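> kindly generate the corresponding structure for this input.
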Amino acid sequence: MSEVTRRSIFAGSSIASVALEAEIDDCYHRLHSGGILMNTAASNAEGYGNRTAHQIAVHPFIEAFDAEFNRLANVLTNHKDAIESSAEALLKNADGLLRSRDKMSDTAVSNQLSETRRLATVLEDKTIRINAEAMKTEKELRRIAFLADTKLRTACVDQADRQFSKEPWVDKVSTGHVVKILSDIFSFIRDIEDKGRDKGAEEWKAPASFERVTTKYWVKDEALPEVLLKSACELPILVYGRSGILTENPKDPSEGKGEFWKTMASPISSVYFDSDSMDLYKERIKRSEGAQLFRVRWYGDKPRNDEVIYLELKTHHECWINNKSVKERVGIVQRNMLTLMDISDGQWTSDFAKTLVIEASPDDNEAEIEASTALLLEIRALFCRLELRPCVRTSYTRAAFQSSKNNELRLTIDRDITVIDETSVRNDGSWCIEDNDNVPIQSFLKVPYSVFEVKVSGGLGPIFLEELQESNAIVEAPKFSKFLTGASLHNANKVNMLPWWAEDPLFEPIFKMRQNTRFSKKIESSKALNADLLVSPTSYRGDTSKESLDLSSNAFDLVAAEEGNSSARGDNTKKGGLFGLINLRSRHHAKTDNGKPTAAPRSPARVEPKSFFLLMKEPSSSGSQLEVCLC
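Residues are numbered from 1 along each chain as shown. The predicted structure is shown next:
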């Protein structure tokens, strides 16, 4: 997009900051001099209300501030309306091109497709810039409101809060509408380029087992529109249970317009299981070969009685193992969960497990049934061996982008992630917390970021990831785990290793809060641990003169460990770290310039077969052990 075009997008939207600050200064001088404007006093006398002398003195600024607020809101609304209108027109053209392509020459179709793609990219860029300008404008208006409150004793900050909680500042519909339209436009383009092959996209079904490489990123709320827009241009929005174009009537795209996160995204809940001694957590955080994670997942409302629920088993494999990490899933009816958890009768027979599989998936073929039966027996064996019970629940809203024709590339954005302590309520009649159970408020914790996942199976990731990283819209979070987050936060008295993101500036206060409320005694750490390998919260603060960190009279000393892989960014982590706020260094340079340790690195040491290693163990006062492998 040319610089002239960029300037034209925001023409008239510059904030009159200098004029507003001058008005603040004038009102300030009037307050201190005891004089007011004659026309303001006259207006007050003519029936505009019984104002105090202070209100009369600051009225010129309040009036100017309100006028500027309204002007900028109108400018933003007009920009968004124009973009929506252009997007809807472009979708109509793409639909028309699809219907008339057989009557056009290949050259004409190719030229039209190129122009449609170019215009769609321009709309994407405009929408991103409008959202960025809106955030910049909001920040400046808040600054002026704070300045006015400080100097004039007004209530402009509260007024601004009320205004910014409404449209157009709160974008509940506009950007999401453009995201959906762009997704459909590029779907039309792909369909035309395929010359009608596989025109009727089938409804997507989750595979029972698949291998993939997943890269995770953190996203702040203000960057979500940019990530959504670029994802929609790369892959179509995938809505579970729907297929094809998502716009209800391409000839009138404004029909069915609604909030993106309510209409195009899906609520997902997962209950993660672990033993009472957190065996799965401990193996998972160390990235041990063969480490497993088990969860029960559902979409939307919690299934009841004979409705199907999904059991998922994730198995981690190291890079030196030929097998790749894999996720497997099998469905059973919800009422059979208590049967799975009751291990009094030991391991099941193959016939019994097969009966449960067929009951949930009667239409599966014999090969699928056999594979699902084997998986269910493996899960049952895990329950019998570790006596698994519900540990933590995660709840969030997911927007997914994927072709319904394959699983080669999948993009997901998880928003409003909440981790819930499943151990806080015991219900003998149910296997997990029910909707009508009273749950302590401290059992709910909100994750401070949204999570963007890029899942690749047999190919390369999208190019636009580099653009998002360069714009600081996303930051890589190697091996970030909702399970490890929730399990460590809600079981602070049972774990002796924390994930590396416990020292991220937005996560750190949450972890400290949980450690303060859950610990009744200090966990002693081994003085023999190498500070370059494992760093406690004490040394994170740079206080090497104390053995532990004392917070509000509750002491703790947890080892901050990380959970990345050997291909993570490591030494390439830029100064400033995640969003420019923290500084993580490599394993061999995990000290500051003054010799004091910094946060634990993201990429852990790896112990490959036949490599020399030393396993250090030293009992703590609580009976737990701290473990670290030295390569």
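> so residue 413, which state does it fall into?
At residue 413, secondary structure determined by DSSP: H, G, I helix; E, B strand; the rest coil is strand.
> residues contacting it?
Going by Cβ atoms under 8 Å, 6 or more residues apart in numbering, residue 413 touches 219, 224, 227-228, 231, 398-399, 450-453. C-beta: built from backbone N, CA, C; applies to glycine.
> let's see it at 10 Å
Neighbouring residues of residue 413 by Cβ atoms under 10 Å, 6 or more residues apart in numbering: 217, 219, 224, 227-228, 231, 261, 265, 396-401, 450-453.
> so which of those residues are in helices?
Judged by DSSP state H, the subset of the contacts of residue 413 located in helices is 224, 227-228, 231, 261.
> my guess is residue 154 meets residue 63, correct?
No - using Cβ atoms under 10 Å, residue 154 makes no contact with residue 63, being 11.8 Å away.
> what about those two, which has more around it?
residue 154 (21 against 12; other Cβ atoms under 10 Å).
> list the contacts for the more buried one?
For residue 154, the contact set (Cβ under 10 Å, 6+ apart) comprises 24, 27, 54-55, 58, 61-62, 65, 145, 147-148.
> pLDDT weak spots in the stretch 51-200 of the chain?
Flagging of the stretch 51-200 of the chain using pLDDT under 70 yields the residue ranges 51, 196-200.
> in this protein, where is pLDDT below threshold?
The model of the chain has pLDDT under 70 over residues 1-13, 35-51, 196-211, 320-324, 517-631.
> domains of it?
In the domain annotation for the chain, the residue ranges read 3-199, 202-490, 492-631 (automatic domain parsing).
> strands of the stretch 301-450 of the chain, residue ranges please.
308-315, 326-333, 389-402, 409-421, 444-446, 450-456 (DSSP state E, counting those that start in this stretch).
> switch those over to CSV; also include distance to residue 176.
Converted to CSV, the strands of the stretch 301-450 of the chain look like this (distance: least, Cβ to Cβ, whole Å):
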stretch, distance to residue 176
strand 308-315, 28
strand 326-333, 29
strand 389-402, 9
strand 409-421, 12
strand 444-446, 22
strand 450-456, 14
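> residue 95: which of the ones you listed is closest?
strand 389-402 (20.7 Å; Cβ to Cβ).
> against residue 460, how distant is residue 236?
Relative to residue 460, residue 236 is positioned 19 Å away (Cβ to Cβ, to the nearest Å).
> and these two? Which one has more around it.
Using other Cβ under 10 Å as the criterion, residue 236 and residue 460 rank with residue 236 on top: 25 against 9.
> which ones are touching that one?
Shown in contact with residue 236 (Cβ under 10 Å, 6+ apart): 180, 182-184, 186-187, 190, 201, 204, 243-246, 400-404.
> what does residue 140 give?
Taking Cβ under 10 Å, 6+ apart, we find residue 140 in contact with 14-15, 17, 20, 72.
> on the three-state scheme, it is what?
Of the three states, residue 140 takes helix under three-state DSSP.
> in the helix or strand encompassing residue 187, which residues are buried?
If you go by DSSP states H and E, residue 187 is part of helix 174-193. Under the neighbour-count criterion of 16 or more other Cβ atoms under 10 Å, helix 174-193 has 174-189, 191-192 buried.
> now that helix: how far from the chain's centre is it?
Centroid displacement of helix 174-193 relative to its chain, using Cα atoms, centre = their mean, to the nearest Å, is 23 Å.
> same check, this time on stretch 152-161
Between the centre of stretch 152-161 and the centre of its chain there are 32 Å (Cα atoms, centre = their mean).
> returning to what we had before: output the contacting helices and strands for the helix holding residue 187.
Helix 174-193 sits against helix 53-100, helix 106-152, helix 224-234, strand 237-238, helix 260-263, strand 389-402, with contacts defined as 3 or more Cβ pairs under 10 Å, 6 or more residues apart in numbering; DSSP states H and E.
> please redo it, this time with the cut-off set to 8 Å
Packed against helix 174-193 by the contact rule (3 or more Cβ pairs under 8 Å, 6 or more residues apart in numbering; DSSP states H and E) you find helix 53-100, helix 106-152, helix 224-234, strand 237-238, helix 260-263.
> so residue 191 touches residue 98, yeah?
Yes - with contacts counted by Cβ atoms under 8 Å, residue 191 reaches residue 98, the gap being 6.4 Å.
> gap between residue 367 and residue 358?
13 Å.
> more neighbours: the two, which one.
Looking at residue 367 and residue 358 with other Cβ under 10 Å, you find the greater number of neighbours at residue 358, namely 14 against 8.
> what's near enough to touch residue 314?
Contact analysis of residue 314 by Cβ under 8 Å, 6+ apart lists 292-295, 325-328.
> swap in 7 Å and give it another go.
Residue 314 makes contacts with 292-293, 327, as judged by Cβ atoms under 7 Å, 6 or more residues apart in numbering.
> do the same with residue 19
Neighbour list for residue 19: empty [criterion: Cβ under 7 Å, 6+ apart].
> okay, and it sits in which element?
Going by DSSP H and E, residue 19 is part of helix 17-33.
> thinking again about what came up before, state the pair within the contacts of residue 154 that is farthest apart.
Spanning the widest gap among the contacts of residue 154 are 55 and 147, at 18.4 Å by Cβ to Cβ.
> more crowded one of these two?
Using other Cβ under 10 Å, the more surrounded residue of residue 55 and residue 147 is residue 147, with 18 against 14.
> quick revisit: and the angle for the helix holding residue 187 with helix 224-234?
Interaxial angle, helix 174-193 versus helix 224-234 (axes from the mean of the first three to the mean of the last three Cα atoms, to 10 degrees): 10 degrees.
> what lies in contact with helix 174-193?
Helix 174-193 has contacts (Cβ under 7 Å, 6+ apart) with 80, 83-84, 87-88, 90-91, 94-95, 97-98, 101, 109, 113, 116-117, 120, 123-124, 127, 131, 199, 225, 228-229, 232-233, 236-237, 245-247, 253, 257, 259-260, 264.
> wait, doesn't residue 421 sit right on residue 443?
Yes - using Cβ atoms under 7 Å, residue 421 is in contact with residue 443, at 4.0 Å.
> name the residue in the two with the higher neighbour count.
For residue 421 versus residue 443, neighbours defined as other Cβ under 10 Å are more numerous around residue 421 (23 against 17).
> residues in contact with the more buried one?
Residues near residue 421 by Cβ under 7 Å, 6+ apart: 392, 443, 490.
> at 10 Å instead, please
By Cβ under 10 Å, 6+ apart, residue 421 lies in contact with 390-393, 433, 439-440, 442-445, 486-487, 489-491, 514.
> ok, of these, which come out buried?
390-393, 433, 443, 445, 486-487, 489-491, 514.
> from residue 163, how far off is residue 141?
Applying Cβ to Cβ to residue 141 and residue 163 gives a distance of 8 Å.
> what residues are shared contacts of the two?
Common neighbours of residue 141 and residue 163 are listed as 69, 72, 169 (criterion: Cβ under 10 Å, 6+ apart).
> list just the nearest of the residues you listed to residue 333.
Of these, the one sitting nearest to residue 333 (Cβ to Cβ) turns out to be residue 169, at 46.2 Å.
> count the neighbours of the nearest residue to that closest one once chain neighbours are set aside for me.
Spatial nearest neighbour of residue 169, chain neighbours left out: residue 138 (6.1 Å); criterion: Cβ to Cβ, 6 or more residues apart in numbering. When neighbours are defined as other Cβ under 10 Å, residue 138 has 17 of them.
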